[in-house]
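>>> pasting the sequence and the predicted coordinates here, then a few questions.
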Amino acid sequence: MIVIRNARVLRSDRIEQSTVVIEGDTIQTVGEEPAVNGARVIDADGAWLGPGLVDLHVHFRDPGQTWKEDIETGSRAAAAGGYTAVVAMPNTQPPIDDGERARAVMERATAIGTLDLRAAGCLTRDRAGTEMADFDSMYSAGVRIFSDDGDAVPDAGLLRRIMMYLGDLPGAVVADHAEDRSLAGNGHLHDGVTAARHGIEGLPAVAEDVIVARDLELANATGSRIHVQHVSTANVVGLIRQARERGVKVTAEVTPHHLALEESALESLDPNLKMYPPLRDAEDREALAEALASGLIDAVATDHAPHATAEKDVPFEEAPRGVIGLETSAAVVSSALGRDQALFFDRMSVAPARIAGLDRQGIAVEPGSPANLVLFAPERRWTPGAFASKSQNSPFRGLELTGKVMTTIYEGRISHEDGSG
């Protein structure tokens, strides 16, 4: 039995200071103070208690690149960040393009037992962009989100056929990577003043805008569900708004780093700030924050992309794109949302669980609900140093953040506990 006292509890219709009792994998009571003989008692000291966080977009590099991350270390990092469920992208080596590979990844995560990991599946076989992946076997294995993440499907006709096929599978979602390679060229950061000042080839926002516009039109024509990954431009926010008004079944995500940082942060050319999409300008960042607060952007997803230190310890142009984000996301997002508890849990847990079709995640704290929970202290200050992730390529390392995950509970078991005192 676990007893959490003095928590600010997110219930289905209100937020209240209360005591929560967990027994087995279920919340037993909310508000009642039981006998605590033999129970593990946690004093929340006013911290927020709500459903465990859900990330629609992580890279655990397993199989194929486990020197960067693996399922065990990725799961540990996720738990440290308050997550009880994640969706792992399929751009592994080999790619997750059939049911056997998807099932193997999910079974390894189940054996570890730290969180609910769902594999995303490829849109095309071997992520080559030329023929459909084996959707039936992946769907049977439990895959619901399909993406060639890292590459857009270049052939619009093929993507249209994919959308028509997946549109007939209940709960299936197309999440196409938003980058037109012919426009992106060899860009390394946003095509703006910082790139010009340093004489580095920029990556124009239109490379993202064009692909999203195409995908939304195809989703409109086919009736398919479309999820826009890692939105970074104000233009894409406008495209999503217009699509919603036309009845397109579109959802969208934004990363914590695009909410908090702008291209000006890249004056140092720190490779740990190199990611895709790149950090944009102030107007874009403000549009993203407003869209997340309003619900036009549904969810926050970290795009957790680990790279070994040696890979990032090179000149900026030579460094791989991508940053880690699982362990700092709660602090960054709660700050961006003005420490609004209900809004925080909706964008970080409820909405992503709904998009991914996770029926034991994103559920308010009520008797009988699954005990997938996070205890988050919104005013606690801390400075990230070493991470549980195998890789350390964080844009927030060494910066003071406000908001700290204290305890994560997955299926009634403590999967992470802050030990910093």
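Looks like it came in fine.
>>> make it CA atoms for all contacts and neighbour counts henceforth
Noted.
>>> so, low pLDDT: which residues of the stretch 201-350 of the chain?
Low-confidence segments of the stretch 201-350 of the chain, defined by pLDDT under 70, are absent.
>>> quick one, helices of it?
Along the stretch 201-350 of the chain, the stretches classed as helices by DSSP state H, counting those that start in this stretch are 206-222, 234-245, 256-260, 282-294, 309-312, 329-336, 341-345.
>>> residue 337 reaches residue 347, doesn't it?
No - assessed by Cα atoms under 8 Å, residue 337 is found out of contact with residue 347, at 9.7 Å.
>>> could you dump the helices of the stretch 201-350 of the chain to a markdown table with mean neighbour count and distance to residue 388?
Output for the helices of the stretch 201-350 of the chain, formatted as a markdown table (neighbours: other Cα atoms under 10 Å; distance: least, Cα to Cα, whole Å):
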| stretch | mean neighbour count | distance to residue 388 |
| --- | --- | --- |
| helix 206-222 | 20 | 32 |
| helix 234-245 | 18 | 33 |
| helix 256-260 | 23 | 18 |
| helix 282-294 | 18 | 28 |
| helix 309-312 | 14 | 14 |
| helix 329-336 | 23 | 14 |
| helix 341-345 | 21 | 23 |
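>>> dump these into CSV; add distance to residue 78 as well.
Converted to CSV, the helices of the stretch 201-350 of the chain look like this (distance: least, Cα to Cα, whole Å):
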stretch, distance to residue 78
helix 206-222, 28
helix 234-245, 28
helix 256-260, 14
helix 282-294, 22
helix 309-312, 20
helix 329-336, 10
helix 341-345, 16
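>>> between those helices, which one is nearest to residue 197?
helix 282-294 (17.1 Å; Cα to Cα).
>>> export the closest one as PDB, just CAs?
Extracted C-alpha coordinates of helix 282-294, given in PDB (Å, rounded to 0.1, in the frame of the first residue of the first chain):
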ATOM      1  CA  ALA A 282      10.600  34.800 -31.300                       C
ATOM      2  CA  GLU A 283       7.400  35.100 -33.400                       C
ATOM      3  CA  ASP A 284       7.400  31.300 -34.000                       C
ATOM      4  CA  ARG A 285       8.000  30.500 -30.300                       C
ATOM      5  CA  GLU A 286       5.300  32.800 -29.100                       C
ATOM      6  CA  ALA A 287       2.800  31.300 -31.600                       C
ATOM      7  CA  LEU A 288       3.700  27.800 -30.400                       C
ATOM      8  CA  ALA A 289       3.100  28.700 -26.700                       C
ATOM      9  CA  GLU A 290      -0.200  30.400 -27.500                       C
ATOM     10  CA  ALA A 291      -1.400  27.400 -29.600                       C
ATOM     11  CA  LEU A 292      -0.500  24.900 -26.800                       C
ATOM     12  CA  ALA A 293      -2.300  27.000 -24.200                       C
ATOM     13  CA  SER A 294      -5.400  27.300 -26.400                       C
END
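>>> how near is the residue most central in space within the chain to residue 58?
Nearest to the geometric centre of the chain sits residue 301, at 2.3 Å (Cα atoms, centre = their mean). Remark: distance between residue 301 and residue 58 (Cα to Cα, to the nearest Å) = 8 Å.
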